[in-house]
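*Asks:* what's the 3D shape of this:
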Amino acid sequence: GAPAGLQSLTVGGTVVSEAELGNLGTTPVSIDTGEGTLVLTGYDAATGAVSYTYDPNVQSSNAPVLDAIAVVVTDDLGIAATGSLDIQITDSVPVAINDTNVIAEDAANTVSGSVLTNDTV
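*Replies:* Residues are numbered from 1 along each chain as shown. Predicted coordinates for the structure are as follows:
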């Protein structure tokens with residue numbers, strides 16, 4: 001027989017029905033994961049692909065953080081398959097390089113430049 005259809009997708013504890021998946025393009029679903037915000041933005045019923053964006057919370061350390069988000073797909077027969085969407089969050093420390101500029105004695109008191117051109121933000 002034909003495979004059972006999709007009943008729901010559960011992401012990070014948030015249940016999204018098949019109807020809600022179909023409307024993600026106009027009504028995205030926002031999920032707070034604790035480490036960031038995952039926004040489901042689209043669904044392709046033909047392939048089962050779900051589009052999303054992810055905005056990590058501001059980190060105070062330079063150590064990488066893994067946001068492991070539980071995913072459960074449930075079909076119309078109630079059979080579920082589980083997985084995980086793992087997002088590695090890395091934050092790099094800005095690097096500031098010392099800047100110098102000079103002005104000649106008895107010259108006009110004008111100096112120009114940018115203190116950011118040699119820095120990594």
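*Asks:* Need the pLDDT of the residue nearest the centre of the chain.
*Replies:* Here the mean C-alpha position of the chain is nearest to the C-alpha of residue 54 (CA atoms, centre = their mean), at a distance of 1.8 Å. Residue 54 is assigned a predicted lDDT (pLDDT) of 96.
*Asks:* which residues sit in contact with it?
*Replies:* Contacts for residue 54 were tallied using CB atoms under 8 Å, 6 or more residues apart in numbering; they are 36, 37, 38, 39, 67, 87. (C-beta placed from N, C-alpha, C; glycine too.)
*Asks:* Between these, identify the one with the most neighbours.
*Replies:* Counting neighbours by other CB atoms under 10 Å, the top entry in these is residue 38, with 22 neighbours.
*Asks:* got a pLDDT number for that one?
*Replies:* Taking residue 38 on its own, its pLDDT is 97.
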